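Chemist: sequence and predicted structure below; questions after.
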Amino acid sequence: MKAALWHNAKDIRVENIAEPAVGKDEVKIKVAYCGICGSDLHEYLAGPIFIPVNEPHPLSKDKAPIVMGHEFAGEVVEVGEAVTDVKVGDRVTVEPIYSCGKCAACQKGHYNVCEHLGFVGLSGGYGGFAEYSVVPSKMVHKIPDHMTFEQAALVEPTAVAVHAVRQSGLQIGDSAAVFGTGPIGLLVIQAAKAAGASKIIAVEVSPERQEIAKRVGANVVVNPIEVDAVQTIKEHTNGLGVDVAFEVAGIEPTINAAVQSTRSEGNVVNVSIWEKPANIHLNNFILTERRMTSIIGYRNIFPQVIQLIANGQIQASELVTKRIGLNDIVFEGFEALTQSKSQIKILVNPSLLKVF
């Protein structure tokens, strides 16, 4: 089968590899769609970050080169002998977290901060940038009949956004700022709106992404190149700042602006994966009793996110700007996302022969 493998930064290759065999507790999926994630882009541009290179990952037992892709959905084509809750023909999405089940975090159900945390398609395994994937049955979630595979492939990134809003402590009527409106930032806007935020302010430099931010629920859009973002946010919040600020850009100026845009005792939520360290003035927390919450992935939330998308409360498909085949993943996928802010979410269909 064809699969896209990460070999090194700026070195992803579409190769022919053997189809994966199914173990007794595993499920084989014919991949319908797999999204290119910001984390995938980080690995392409500056990796390895999550990808194990020198030593195999302790749970996947794999190291580079690995089959990429962790935002995916498809149809079950085979199940292992011990699998009873999933059958051939089921339509599913995948929750791709590797967790040990034994550490203190896992024991209390917080498997997203497992001591050995990993992700299918980043830490090994058979990711979704392939014709077929095999994953442990516990990672598989059935989707409603009326839900499309395209929507199902967007459950994973939406789960990140919903988890971020849950962990933020945002209450009905609170104000929020979202710094960076890439795919996750745009989903955070929708999740905050669904959670009852009264005012959502998006901070973004790209005109194309500004327009999408308005369309999916931002009440105010601020271009930090044209105006002082901190001052403008305070003008829209009676001089106080927002209750919650979400940093979803992963660069030093935005995290500091997010801090300064948050009211006293407010919460700054870091959603980004960082390629390099950032300098933050801690007195901006200490002197105001602001808090910082950091999130990674999601936990115990996939069924609810599936329903949010299936019910139309979160319009994840609004973010899809292109669908491509596996052979085009480097130039029409990773390079396109690098070169153009007009591209938001690109979905890869391993059976697709052309871009549309």
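Modeler: The structure has been received and is ready for your questions. Numbers count the residues shown, from 1 in each chain.
Chemist: any chance you could map the helices in the protein?
Modeler: Applying DSSP state H to the chain gives helices spanning 38-46, 104-107, 149-153, 155-168, 183-194, 207-216, 229-235, 252-260, 283-286, 302-310, 335-339.
Chemist: for the fifth one, name the packing helices and strands.
Modeler: Spelled out, it's helix 183-194. Secondary-structure packing of helix 183-194 (3 or more C-beta pairs under 8 Å, 6 or more residues apart in numbering; DSSP states H and E): helix 155-168, strand 175-179, strand 199-203, helix 207-216, strand 242-247. From N, CA and C alone the C-beta is placed, and that goes for glycine too.
Chemist: rewinding a little: buried deepest among the helices of the chain, which one?
Modeler: Highest mean neighbour count among the helices of the chain (mean count of other C-beta atoms under 10 Å): helix 183-194, with a mean of 27.
Chemist: what lies in contact with that one?
Modeler: Residues from elsewhere that reach helix 183-194, judged by C-beta atoms under 8 Å, 6 or more residues apart in numbering: 35, 37-38, 157-158, 160-162, 164-165, 170, 176, 178-179, 181, 200, 202, 204, 209, 212-213, 216-218, 244, 246, 248-249, 271, 308, 313-316, 318-319, 344-345.
Chemist: next: stretch 331-345.
Modeler: With C-beta under 8 Å, 6+ apart, stretch 331-345 has contacts from 12, 35-36, 40-41, 44-45, 154, 157, 182-183, 186, 205-206, 208-209, 212, 319-322, 324, 346, 348, 355.
Chemist: distance of the closest residue in space to Ile251 that isn't next to it in sequence from Glu43?
Modeler: Closest residue in space to Ile251, ignoring its immediate chain neighbours: Ala278 at 7.5 Å, by C-beta to C-beta, 6 or more residues apart in numbering. Distance, Ala278 to Glu43, by C-beta to C-beta, to the nearest Å: 20 Å.
Chemist: how about Ala202?
Modeler: Ala202 is 26 Å from Glu43, by C-beta to C-beta.
Chemist: low-confidence stretches in this protein?
Modeler: 353-356 (pLDDT under 70).
Chemist: where do the domain boundaries of it fall?
Modeler: Per automatic domain parsing, the structural domains of the chain span 2-153+315-349, 160-294.
Chemist: a markdown table please, covering these and showing distance to Asn300.
Modeler: Below are the domains of the chain laid out as a markdown table (distance: least, C-beta to C-beta, whole Å):
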| stretch | distance to Asn300 |
| --- | --- |
| domain 2-153+315-349 | 6 |
| domain 160-294 | 9 |
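Chemist: Pro303: which of those domains is closest?
Modeler: Judged by C-beta to C-beta, the one of the domains of the chain that comes nearest to Pro303 is domain 2-153+315-349, at 6.6 Å.
Chemist: hey, what's the nearest residue to Lys214 once chain neighbours are set aside bridged with?
Modeler: Once flanking residues are discounted, Lys214 sits nearest to Val221: 5.8 Å by C-beta to C-beta, 6+ apart. For Val221, the beta-bridge partners under DSSP bridges are Ala202.
Chemist: cheers, nothing more for now.
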